[in-house]
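Student: sequence first, predicted model second:
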Amino acid sequence: MSGYGLAVGLCIGVVLLLFLLLRTRRVREKYAAMWLLLALGVCVFGIFPNLAFALADLLGVQTPVNLVFSGAMVVLLLVCIQLSVEVSNLEEETRTIAEEVAMLKLDVQRLREADEARVAPPDPGADPE
Amino acid sequence: MTRTDGATPAGRPGDPRVLVVVPAWNEEDTLPAVITEIRSSVQGADVLVVNDGSTDATARVADAAGAAVLDLPINLGVGGAMRAGYKYALRNGYDVALQVDADGQHDPAEIPRMLELLRTEDLDIVIGARFAGQGSYEARGPRRWAMRVLSVTLSRVTGTRLTDTTSGFKACGPRAIRLFAANYPAEYLGDTVESLVIASRARLAIRQLPVTMRPRAGGRPSHNPVKAAFFLLRAVLALVIALSRPTQPLPTGVDR
């Protein structure tokens, strides 16, 4: 078995894992899509290694493996940045929700107090207020 | 328990409705005195304590001192707490929202002067500033340079002389409340530096008023030069990013 076989096997494993995660809704499609594309892309290179050589030749990269490595690094970098953006979005959403919760809590407390003040006197008719 | 909330505006009719917002994170020791002082020095103002995810009895002591309490379930930082405060002010129809720190550093006796300036000069934001002649606050080394860079740049941006850009002692008029309720950064220095950039971009009128700052009741400002250098770097970064950001227009109409 060649190294390429190993690469293909690994990628198929990744694709399967993502598929299972998607099926059980543990990862959302918008995040999985990128990983799926990446895994499939590596599969293609694994099955047709000459593609990497041709591409490296085309781009003027002397060693094809360097092209693959640098490509992988760029993709990982982009994925990390995307995750940072998503985390920032989540923080902003959490912040807004926290504000709303705090305001609702205060509203509820006031309503409850008003309600208690209304209910508290045993004989409402005798209450001067 | 008595409370002074949005339902019962105090003071004479026609007076602006004033809300004093106190962002508080684990300030149970100093908070009751601050609230009492605010209530005695600003007649007819409501006090709102924004409890920023405290782990101590901040919310309880604030409630006992007669303030309304906005109880944030998580810690959002001063910027986060203040945006919640501005949202509350907007939704409950306040005309002026003041920020006063819970550590006792800001003297509530200065508030009437700030309100007076806000009203007579038709301003949107009045900043209570140290370094401006009154009081005796001193900063040294890189922290001082950072303060200097910030004050020179922000004075140019806002078109008014600002000597203390990191002051959290601020009075905001109706337009500033509307702006900050929608857009108040939770970033580091966002509540001071960036909010001033946002306000001046929205063409709000800003002015500073020299005030006396008191020494903080708890904790002392650090004079560690490494920390101060980091402060300088982060301040410049915050400033550059804030200035490069596209202008956010003043939100109109809908109150949410």
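Tutor: That came through, no problem. Numbering: from 1, shown residues only, chains lettered A, B, ... in the order given.
Student: off-centre distance for the helix or strand containing residue B:48?
Tutor: Residue B:48 belongs to strand B:46-52 when assigned by DSSP states H and E. A distance of 12 Å separates the centroid of the chain from that of strand B:46-52, by C-alpha atoms, centre = their mean, to the nearest Å.
Student: gap between the nearest residue to residue B:245 once chain neighbours are set aside and residue B:165?
Tutor: Computed as C-beta to C-beta, 6 or more residues apart in numbering or on different chains, the closest residue to residue B:245 that is not its neighbour in sequence is residue B:197, at 7.8 Å. In short, each C-beta sits where N, CA and C put it, glycine included. Distance of residue B:197 to residue B:165, given as C-beta to C-beta, to the nearest Å: 10 Å.
Student: over to residue B:177?
Tutor: Applying C-beta to C-beta, the value for residue B:177 to residue B:165 is 20 Å.
Student: and the residue lying closest to residue B:207 once chain neighbours are set aside, helix, strand or coil?
Tutor: Excluding its sequence neighbours, the residue lying closest to residue B:207 (C-beta to C-beta, 6+ apart) is residue B:123, at 5.2 Å. State at residue B:123, reduced to three classes by DSSP: H, G, I helix; E, B strand; the rest coil: coil.
Student: distance of residue B:215 relative to chain A?
Tutor: Going from residue B:215 to chain A by C-beta to the nearest C-beta, to the nearest Å gives 31 Å.
Student: doesn't that residue belong to a strand?
Tutor: No. Looking at residue B:215 with three-state DSSP, it is coil, so not inside a strand.
Student: is it true that it touches residue B:105?
Tutor: Yes. Counting by C-beta atoms under 8 Å, residue B:105 is a contact partner of residue B:215 at 7.5 Å.
Student: neighbour count winner among these two?
Tutor: Between residue B:215 and residue B:105, counting by other C-beta atoms under 10 Å in any protein chain shown, residue B:105 is the more crowded of the two (21 against 11).
Student: surely residue B:34 touches residue B:105?
Tutor: No. Under the criterion of C-beta under 8 Å, residue B:34 makes no contact with residue B:105, lying 9.4 Å away.
Student: residues in chain A within reach of chain B, list them.
Tutor: Residues of chain A lying near chain B by C-beta under 8 Å from any C-beta of the partner chain: A:91, A:94, A:95, A:98, A:99, A:101, A:102, A:103, A:105, A:106, A:110, A:113.
Student: how about TSV for those residues, with neighbour count added?
Tutor: Shown next, in TSV, are the residues of chain A next to chain B (neighbours: other C-beta atoms under 10 Å in any protein chain shown):
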residue	neighbour count
A:91	13
A:94	14
A:95	19
A:98	21
A:99	24
A:101	16
A:102	26
A:103	18
A:105	16
A:106	18
A:110	15
A:113	13
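Student: nearest to residue B:191, of those residues?
Tutor: Taking C-beta to C-beta as the measure, residue A:95 is the one of those closest to residue B:191, at 12.9 Å.
Student: need the pLDDT of the closest one.
Tutor: Here the pLDDT value assigned to residue A:95 is 94.
Student: likewise residue B:237?
Tutor: Among the per-residue scores, residue B:237 shows a pLDDT of 86.
Student: so what's the residue count around it?
Tutor: When neighbours are counted by other C-beta under 10 Å, residue B:237 registers 13.
Student: just the angle between the helix or strand in which residue A:97 is found and strand B:46-52, please?
Tutor: Element membership of residue A:97 [criterion: DSSP H and E] is helix A:64-119. Interaxial angle of helix A:64-119 relative to strand B:46-52 (axes from the mean of the first three to the mean of the last three C-alpha atoms, to 10 degrees): 140 degrees.
Student: returning to that earlier point: can you report how many residues neighbour the residue nearest to residue B:207?
Tutor: Quick note: residue B:123 (other C-beta under 10 Å) scores 21 neighbours.
Student: give the contact list for it.
Tutor: Neighbour list for residue B:123: B:117, B:173, B:205, B:206, B:207 [criterion: C-beta atoms under 8 Å, 6 or more residues apart in numbering or on different chains].
Student: name the nearest of these relative to chain A.
Tutor: Comparing those against chain A with C-beta to the nearest C-beta picks out residue B:173 as the nearest, at 21.4 Å.
Student: how about that closest one, phi and psi?
Tutor: With angles defined as degrees, to the nearest 10, residue B:173 sits at phi -80, psi -180.
Student: show me the shaky parts of chain B.
Tutor: Scanning chain B for pLDDT under 70 picks out the ranges B:1-14, B:131-140, B:216-223, B:248-249, B:252-256.
Student: centroid residue for the chain?
Tutor: I went with chain A, as the question did not name one. Compute the mean C-alpha point of chain A, and by C-alpha atoms, centre = their mean the closest residue is residue A:31, 4.9 Å away.
Student: hmm, I had chain B in mind actually
Tutor: Centroid check for chain B by C-alpha atoms, centre = their mean gives residue B:99 as the closest residue, at 3.4 Å.
Student: before we move on, back to that, and the residues of chain A next to chain B as a markdown table, adding distance to residue B:159?
Tutor: Output for those, formatted as a markdown table (distance: C-beta to C-beta, whole Å):
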| residue | distance to residue B:159 |
| --- | --- |
| A:91 | 33 |
| A:94 | 36 |
| A:95 | 31 |
| A:98 | 35 |
| A:99 | 32 |
| A:101 | 39 |
| A:102 | 35 |
| A:103 | 35 |
| A:105 | 41 |
| A:106 | 38 |
| A:110 | 42 |
| A:113 | 46 |
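Student: just give me how far the longest helix seen in chain B sits from the chain centre.
Tutor: In chain B, taking DSSP state H as the definition, the longest helix is helix B:225-244. From the chain centre to the centre of helix B:225-244 is a distance of 20 Å (C-alpha atoms, centre = their mean).
Student: just list what it packs against, helices and strands only.
Tutor: Applying 3 or more C-beta pairs under 8 Å, 6 or more residues apart in numbering or on different chains; DSSP states H and E, one finds that helix B:225-244 contacts helix B:141-158, helix B:195-201.
Student: ok, which of the ones you listed comes nearest residue B:84?
Tutor: So among the helices and strands packed on helix B:225-244, helix B:195-201 is nearest, using C-beta to C-beta, at 14.3 Å.
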